[in-house]
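1. Got a sequence here, can you build the structure:
(chains A and B)
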Amino acid sequence: MPSVLEVRGLTKKYSEGDSQVKALDNVSFSVEQGEFVLIVGSSGSGKSTLLNMIGLLDSPTRGKVFIDGMDTSKLDDNQISSFRNKKLGFIFQFSNLLNDLTVLENVLLPRQIAGSDDTARKEAVELLRTVGLEDQLHKRTNKISGGQAQRVAIARGLITHPSIVLADEPTGNLDSVTSENIVKLMKSMAKKLNQTFIIVTHDRQHFGHADRVVTIRDGRAVDETFDETFDETFDETFEDTLEVAT
Amino acid sequence: MDYRLRLAKRMLFNKKSSLIGAVLAVMIGILVIHVNFVIFQGLFDAIVRDISDYRNGDILVTDEADFIDKSDLSLASWFERIPYVEATTPRLSSTAEINMTKNGSLIEENRIPIVGVDPFRDVRASTVHQTIADGTYVFSRNSIVLGSNVAENLGNAQVGDSLKVLVVDRWGEDQIRRFTVSGIAKSPGGQGFDYTAVIHIDTLRDMMSRHGDTGSFMVKLNDPSKAFEVKEFFLAAFPNDDFVAETIEESAEEQLAGFRSGIAMINMIGYFGMMSSAFAIVTIQMMLVNGKTREIGIMRSIGAKRKDILIIFIFQGMIIGAIGAGVGTAAGLGYTFYAKETKMSFNNSLPLEVSYNWEKITQTALMAFILAIIASLYPSYRATRLLPVEVMRNA
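-> Have a look, this model is predicted:
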C-alpha cells in the first residue's frame, strides 16, 4: 500500500537567545492510507511541532515531508495554501471555528476557499448529519458546546476529502466522556471513509483506538509501536504537568 | 455571495463599535465637505446672484468709449427678440452730491454713486425694486430712491422728503435738480443699492447732458447657461461697433477672484479633513485585524491564500466606504436641503444661494469610497503577513 505521508529526517531548531533548541531531531516515519495514527509524548517533546510540519504550517530546519508522494519543500506559499486546502484537514484543540459563521458555513468554508461547487453544501449537510449535528446547521458556533464544536471541526476537516486529517489534541479541552465519543467518532469516520488520521494526544485512554502509535521523546521518534516504557515516563510527566497547571 | 465578502461583512457587523467608528469617520469627512460647499459656494453663488440681479444681469453690455450712443429702445428690442432673453434694461451711472435740510440743518453728502434707470424696463430685468424697504421704486422723473446707508447719512431721510442732487455734466457745469424721496432701498448683505441713489435715466441724461446715451445694458436671460452663446451672437451682430459684452463670470471676475481662491482653500481643508478620516479608518482597520488574528490563522491553516485574506479586509474597507459614503451623502444632502429650504443666512447677511451640485456630490462620495479602500490596504497587507503557525500558537 502506498504511503500517504512520509517524513524523512525531520529536524527543527529554534533559537533561544544565544543557544539553539532542537524541537525535533531527525524524525522519520511513514503513514499509509486509512491508518489511524496517534502521536504521543510528554509536554514539550515536539509532537505539536511535528504536526505543524506535517500540516505545512511550519517549515523544518532540515528534512522533508512527502504527502501523496509530493515533496512539499518544493512548494511556494500559494501552492502550500492550495495543498493544505486540498490534501489536509485540520482539527485543533479548541476546535478553532470562525464564530462569525454558522455551523454549516464553517464546514463549507474549505470547499469555498477551493472554489465553490454545487455538491459542497449537500456534502456538508451529510457530514454534519453523520457527526450528529443536523439540527444545528444554522447556529452560530459560539452557541454550541465544546463537544459539538469539535464535531463541526471534524466535519470541516473532512469536507475536502483530504489525504490526511491532522488533529492536535482534539480532546484536550473536553471531559473524558465527550473525549471518548469524539475519538470514537474520528475512528468510525476513518473506517467508513478509509481516511487517514494523525492525532496528537496526551490522553492514554485513546491508545486502544490507534492502529499505530508514534512516540516522540525529546524531539525523537522513539518507537513507532506502543512504547511500554513511555507509559511510565508519560505518567510521571503528565502528573507533573497537571500539578503545574493546577 | 462570495465567501470572502460574507466573512468581511460578518466580521465587520459583529464588531459594531468599530463599524460605527469607521462609518462616522467617513461620514464626518463627507459632511465637512458638504457644509463647506453649502456655506462658501452658497455665499459665492449668492454674491454672483446679487451682482447679476442688481447690477450686471447675465450679460453686461458696455462700450469701449464709455457710453453707448445707440438708441436704448432699438438695442433692447434687438435683445428681446432672442428667445433666451427675458428682459433688457439700460443704465447710466455717475456720482453726485446730495444735500437736504433736516430738522432745520443742512446735511450734505459728496460722491454718492447715482444710477439712472428706466423704471419700466428695470423691474423686468433687475430685482433692485424688490429691495425697496419703504416706499416705491423710481416712478417719475423727479423721484429718487435712496440706499439705506445714503438715507442714514443724510440724517435719516424718509419717503416724501425733498432733497437736491448736484451732478457735473459733460461740460463741467454743475447741474442741480430737486427730487422727492420715493423709496428707501435695503438689501440683505448690502449687495444692492444700499450705498447708491437711483433716479430716472432720462433725468440723469439731462443732468449729464448725455441725451440718448446709455452707460450699460443689463441683459437678463431665462436660461443663464446660454449667456456665452447670446454674448457671442450679439458681438457678431454688431462687428463695427465698440461694444464690450461680458457674461456675469467675466464682468464680476474682479469682485469674485479673491473669493474664488478662498473657496478653493476651504475645499482643500475639507479634503484634508477627509484624509484624516482615512487615517481613522487605518487605525480602526488595524484594530479589526489585531482582533481577528485567530480567524486569520484558521483561514490560512485551512487553505486560504494571502490574497484571500487581503481581499477580505479590502472588502471591509469597501463596506465601510460604501456605508460611510451613503450615510455621509445623506447627511450632507439633509444639511443642503435644510439650508436651501430655510434660505440660510448668517447674521442677517445675504441668504445663501444653495444648489445641489450632483457632480460634486457624486465626486465626494466616490472619493470617500476610494479613500476608505486605500486606507484599508495597509491593514489588509498586515493581515496577510501573519504566519498561521504563530497565530495558532498564540490563539
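2. Just the mean pLDDT for stretch A:124-143, thanks.
-> Across stretch A:124-143, pLDDT averages out at 89.
3. who touches it?
-> A:95, A:97-99, A:101-104, A:106-108, A:111, A:144, A:148-149, A:151-152, A:154-155, A:158-159, A:185, A:189 (CB atoms under 8 Å, 6 or more residues apart in numbering or on different chains). Every residue, glycine included, has its C-beta placed from N, CA and C.
4. what's the closest non-adjacent residue to the residue of chain A found nearest chain B?
-> Nearest to chain B, among the residues of chain A, is A:N85, at 2.3 Å (CB to the nearest CB). Distances taken as CB to CB, 6 or more residues apart in numbering or on different chains put B:G303 closest to A:N85, at 2.3 Å, once the chain neighbours are dropped.
5. Show me the shaky parts of chain B.
-> Chain B contains residues with pLDDT under 70 at B:392-395.
6. From the recorded domain assignment, give the ranges for it.
-> Domain ranges of chain B: B:3-50+B:256-394, B:65-241, per automatic domain parsing.
7. can I get those in CSV with distance to A:L174 and mean neighbour count?
-> Compiled in CSV, those are given as follows (distance: least, CB to CB, whole Å; neighbours: other CB atoms under 10 Å in any protein chain shown):
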stretch, distance to A:L174, mean neighbour count
domain B:3-50+B:256-394, 19, 19
domain B:65-241, 76, 18
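8. Relative to A:H209, which of those domains is closest?
-> Evaluated with CB to CB, the domains of chain B place domain B:3-50+B:256-394 nearest to A:H209, the distance being 24.6 Å.
9. Run the chain-centre distance for that closest one.
-> The chain centroid and the centroid of domain B:3-50+B:256-394 are separated by 26 Å under CA atoms, centre = their mean, to the nearest Å.
10. Which strands or helices does the host helix or strand of B:M367 pack on?
-> Counting by DSSP states H and E, the element that carries B:M367 is helix B:358-384. For helix B:358-384, the packing partners by 3 or more CB pairs under 8 Å, 6 or more residues apart in numbering or on different chains; DSSP states H and E come out as helix B:16-36, helix B:253-291, helix B:306-341.
11. Of those helices, which is nearest chain A?
-> Among these, helix B:306-341 comes nearest to chain A, with 6.6 Å by CB to the nearest CB.
12. Next, the angle from that closest one to helix B:253-291.
-> 140 degrees (axes from the mean of the first three to the mean of the last three CA atoms, to 10 degrees).
13. Indicate whether helix B:306-341 makes contact with chain A.
-> Yes - counting by CB under 8 Å from any CB of the partner chain, chain A is contacted by helix B:306-341 at B:R306, B:K307, B:D308.
14. need the contact list for the residue of chain A closest to chain B.
-> So A:N85 contacts A:P110, A:I113, A:A114, A:T160, B:I302, B:G303, B:A304 (CB under 8 Å, 6+ apart).
15. Out of the residues you listed, the closest to B:A257 would be?
-> Nearest to B:A257 among those, counting by CB to CB, is B:A304 at 57.1 Å.
16. pretty sure the closest one is in a helix, no?
-> No - under DSSP: H, G, I helix; E, B strand; the rest coil, B:A304 sits outside any helix and is assigned coil.
17. one step back: is the residue of chain A closest to chain B in a helix, a strand, or coil?
-> helix.
18. Let's see the pLDDT reported for it.
-> The model reports A:N85 with a pLDDT of 93.
19. Same question for the one 3 residues further on.
-> A:L88 is assigned a pLDDT of 93 by the prediction.
20. Could you give the bridge partners of it?
-> A:I164 (DSSP bridges).
21. which residues does it contact?
-> Residues near A:L88 by CB under 8 Å, 6+ apart: A:G55, A:L56, A:I67, A:P162, A:S163, A:I164, A:V165, A:L166.
22. Quick check: it vs A:D117, distance?
-> From A:L88 across to A:D117, the span is 19 Å (CB to CB, to the nearest Å).
23. Could you do B:F193 as well?
-> 79 Å.
24. How about the residues of chain A by chain B?
-> Listed as neighbours of chain B in chain A under the rule CB under 8 Å from any CB: A:52, A:55, A:57-58, A:77-78, A:81-82, A:84-86, A:90, A:92, A:94, A:96-101, A:105, A:108-110, A:112-114, A:116, A:156, A:160.
25. again, 7 Å this time
-> Within chain A, the positions lying close to chain B (CB under 7 Å from any CB of the partner chain) are A:52, A:57-58, A:77-78, A:81-82, A:84-85, A:90, A:92, A:96, A:98, A:100-101, A:109-110, A:112-114.
26. Buried ones among the residues you listed?
-> A:52, A:57-58, A:81, A:84-85, A:90, A:92, A:96, A:98, A:100-101, A:109-110, A:112-114 (16 or more other CB atoms under 10 Å in any protein chain shown).
27. Now do B:L377 against B:R6, distance only.
-> B:L377 is 21 Å from B:R6, by CB to CB.
28. er, A:K122 I mean
-> Distance of A:K122 to B:R6, computed by CB to CB: 19 Å.
29. ditto for B:A252
-> Distance of B:A252 to B:R6, computed by CB to CB: 56 Å.
30. swap in B:T136?
-> On the measure of CB to CB, B:T136 and B:R6 end up 71 Å apart.
31. now do B:Y356
-> For B:Y356, the distance to B:R6 - CB to CB - is 36 Å.
32. In chain B, which residue sits closest to chain A?
-> For chain B, CB to the nearest CB, closest residue to chain A: B:G303, 2.3 Å.
33. Report the contact partners of that residue.
-> Contacts for B:G303 (CB atoms under 7 Å, 6 or more residues apart in numbering or on different chains) come out as A:S81, A:S82, A:R84, A:N85, A:P110, A:I113, A:A114.
34. where exactly do the strands run in chain A?
-> For chain A, the strands defined by DSSP state E occupy A:3-16, A:19-32, A:36-40, A:62-67, A:70-71, A:88-91, A:164-168, A:196-201, A:212-217, A:220-223.
35. Turn the ones you listed into a markdown table, including distance to B:L106.
-> As requested, those are arranged in a markdown table below (distance: least, CB to CB, whole Å):
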| stretch | distance to B:L106 |
| --- | --- |
| strand A:3-16 | 103 |
| strand A:19-32 | 108 |
| strand A:36-40 | 115 |
| strand A:62-67 | 111 |
| strand A:70-71 | 111 |
| strand A:88-91 | 103 |
| strand A:164-168 | 106 |
| strand A:196-201 | 111 |
| strand A:212-217 | 116 |
| strand A:220-223 | 120 |
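36. what's the closest of these to B:I33?
-> Proximity to B:I33, assessed across the strands of chain A by CB to CB, is greatest for strand A:88-91 (48.2 Å).
37. what about chain A, any weak spots by pLDDT?
-> In chain A, residues with pLDDT under 70: A:1-2, A:95, A:116, A:223-246.
38. change it to 50
-> Across chain A, the ranges flagged by pLDDT under 50 are A:227, A:229-230, A:234, A:237-238, A:241-246.
39. Okay, helices next: where are they in it?
-> A:47-54, A:77-87, A:103-114, A:119-130, A:146-158, A:176-193, A:228-245 (DSSP state H).
40. Of the contacts of A:N85, which pair is most distant in space?
-> A:T160 and B:A304 (12.7 Å).
41. got the contact list for stretch B:276-291?
-> Here stretch B:276-291 makes contact (CB under 7 Å, 6+ apart) with B:15, B:18, B:21-22, B:25-26, B:28-29, B:313, B:316-317, B:320, B:371-372, B:374-376, B:378-379, B:382-383.
42. try it again with 6 Å
-> With contact meaning CB atoms under 6 Å, 6 or more residues apart in numbering or on different chains, stretch B:276-291 is reached by B:18, B:21-22, B:25-26, B:29, B:371-372, B:375-376, B:379, B:382-383.
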